[in-house]
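Trainee: model this:
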Amino acid sequence: MTEHLTKETFLKKVFNYEQNQEWKFEGDKPCIIDFYADWCGPCKMVAPVLEELSEEYAGKVDIYKVNTEQERDLAMAFGIQSIPSMLFVPMSDKPQMAVGALPKQSIEQAMKDVLGVSADVN
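Mentor: Okay, the predicted model is just below:
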């Protein structure tokens, strides 16, 4: 299940940019942060894909959503210019941003390449 973040929960679970100049990930597993808005058509197309992935990768990756209309500070802090934008956050490396409505296959590839996480093959 994806989780919606406010600025307050973002500072605790992902990155406290008010206290740290340098990137310091606060989470206990890699995550994806989907910056979206309710009126955005492509964002609505990505939402069910992220829900699917959050179930398929449960316990391996946290998937968060940030509503850019309600959390303008967060959107500004990450220079979000267009939505959807997804921030892929690995455990020990710098995060990487992807812009646009990515298909599931591309998101999974980024999860593998950037986050070092892949689905269990049955």
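Trainee: and residue 33, bridged to which residues?
Mentor: Beta-bridge partners of residue 33, counted by DSSP bridges, are residue 64, residue 87.
Trainee: thought it was touching residue 66?
Mentor: Yes. Under the criterion of C-beta atoms under 8 Å, residue 33 is in contact with residue 66, at a separation of 5.9 Å. Using the backbone N, CA and C atoms, a C-beta is placed for each residue, glycine as well.
Trainee: Return every residue with contacts to both of the two.
Mentor: Shared contacts of residue 33 and residue 66 (C-beta atoms under 8 Å, 6 or more residues apart in numbering): residue 5.
Trainee: pLDDT below threshold where in the chain?
Mentor: 120-122 (pLDDT under 70).
Trainee: what about the longest helix in it?
Mentor: helix 41-56 (DSSP state H).
Trainee: Look up how far residue 119 lies from the residue most central in space within the chain.
Mentor: With distances taken as C-alpha atoms, centre = their mean, residue 33 lies nearest the centre of the chain, 1.3 Å away. Taking C-beta to C-beta, to the nearest Å as the measure, residue 33 falls 20 Å from residue 119.
Trainee: One more: residue 82?
Mentor: From residue 82 across to residue 119, the span is 28 Å (C-beta to C-beta).
Trainee: and if you look at residue 57?
Mentor: 7 Å.
Trainee: neighbour count winner among those two?
Mentor: Shown here are residue 57 and residue 119; by other C-beta atoms under 10 Å, residue 57 has more neighbours (21 against 12).
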